[in-house]
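Engineer: Everything below, folded, please.
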Amino acid sequence: MKVLIVEDDADLREAVTDALRTAGFAVDAAREWAAADLALAINDYDCMVLDRMLPDGDAVLHLHDLRTRGGTVPVLMLTALSELNDRVDGFEAGADDYLGKPFATAEFVARVRALCRRRTATMPAMLRLGDIELDSARREVRRAGVLNMLTPKEFAVLEQLLSRSPAAVSRADLREHCWDEQADPMSNVVDVVVTQLRRKLGRPEVIHTVRGFGYRAA
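Structural biologist: This next block holds a predicted model:
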């Protein structure tokens with residue numbers, strides 16, 4: 001799942017980015033709305049975390065404009081402006097959730113995960129392929145009932161492959177959904193993670209290479 005953080009406080013931006021990456025999310029970050037708007041035009045995000053007061057204006061106005069233009073990304077407003085009228089303004093502008101500062105990191109991560117699940121509501125909570133079961137809510141993968149200890153990136157790639165099985169998924173698509181903008185598009189990170197997944201899942205092999213394109217699970 002991929003998240004965009006829009007926060008002008010560098011320390012807080014780094015803290016929430018680290019918290020989400022530790023929880024298995026791919027995260028991009030911006031300090032102002034202009035950069036965020038550009039990122040939204042280029043990337044497909046499962047959720048956006050939006051500070052209220054940004055260097056280029058009140059995010060409520062920017063969010064209202066985004067919704068008017070048809071933007072549907074779920075938005076969590078994260079701000080010190082947390083009085084009733086502030087929250088109402090946020091919701092009326094198009095926010096899906098509102099969390100006041102200061103906040104507990106665990107609650108923040110849980111709220112972001114809930115919004116991401118709302119974006120991918122058509123995806124079943126449990127994905128199955130043969131004797132492989134992927135539980136999106138518990139972040140667990142089992143094969144023949146045995147728990148596989150996957151890294152967050154391995155889990156994210158397997159989730160993408162299983163959710164679209166038996167269709168093939170391109171390397172570019174996997175990189176788009178499972179990595180953030182820090183990933184080098186010319187690197188072989190996708191192939192490395194798939195190799196690790198194959199080793200951990202064992203045989204018979206369920207992830208197949210589609211030469212010159214990507215991978216499919218079948």
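Engineer: Which strand or helix spans L20?
Structural biologist: Using DSSP states H and E, L20 sits within helix 10-22.
Engineer: Now that helix: buried residues?
Structural biologist: 13, 16-17, 19-20 (16 or more other C-beta atoms under 10 Å). Any C-beta I mention is one placed from the backbone N, CA and C, and that applies to glycine too.
Engineer: Likewise for stretch 165-177?
Structural biologist: 165, 168-169, 171, 173-177.
Engineer: And for that stretch, what's in contact with it?
Structural biologist: 1-2, 26, 43-44, 129, 156-157, 160-161, 183, 185, 189-191, 210, 213-218 (C-beta atoms under 8 Å, 6 or more residues apart in numbering).
Engineer: do that again at 6 Å, thanks
Structural biologist: 129, 157, 160-161, 190, 210, 213-214, 216-218 (C-beta atoms under 6 Å, 6 or more residues apart in numbering).
Engineer: filter the residues you listed to the buried ones?
Structural biologist: Buried, going by 16+ other C-beta under 10 Å: 129, 157, 160-161, 190, 214, 216-217, out of the contacts of stretch 165-177.
Engineer: Among those, which pair sits farthest apart?
Structural biologist: L129 and V190 (19.1 Å; C-beta to C-beta).
Engineer: Could you pull out the helices in this protein for me?
Structural biologist: 10-22, 33-42, 59-68, 84-93, 105-119, 152-163, 171-178, 189-201 (DSSP state H).
Engineer: what is the mean pLDDT for the first one?
Structural biologist: In other words, helix 10-22. For helix 10-22, mean pLDDT rounds to 93.
Engineer: tilt between that helix and helix 152-163?
Structural biologist: If you take axes from the mean of the first three to the mean of the last three C-alpha atoms, to 10 degrees, helix 10-22 sits at 60 degrees to helix 152-163.
Engineer: for this protein, where's the lowest mean pLDDT among helices and strands?
Structural biologist: Least confident helix or strand of the chain, by mean pLDDT, DSSP states H and E, is helix 171-178 with a mean of 84.
Engineer: between that helix and helix 152-163, what angle do the directions make?
Structural biologist: Using the same axes, to 10 degrees, helix 171-178 lies at 120 degrees relative to helix 152-163.
Engineer: just how off-centre is helix 171-178 within its chain?
Structural biologist: Centroid separation for helix 171-178 versus its chain: 12 Å, with C-alpha atoms, centre = their mean, to the nearest Å.
Engineer: Then stretch 54-69?
Structural biologist: Centre to centre, stretch against its chain (C-alpha atoms, centre = their mean), the figure for stretch 54-69 is 21 Å.
Engineer: Give me the contact list for it.
Structural biologist: By C-beta under 6 Å, 6+ apart, stretch 54-69 touches 8, 32-34, 50, 52, 89, 93-94.
Engineer: and that stretch, what's its mean pLDDT?
Structural biologist: Stretch 54-69 carries an average pLDDT of 91.
Engineer: Now do the buried residues in it.
Structural biologist: 54, 59-60, 62-64, 66.
Engineer: quick one on the thing from earlier: quick check: the farthest pair among the contacts of stretch 54-69?
Structural biologist: A34 and D89 (21.4 Å).
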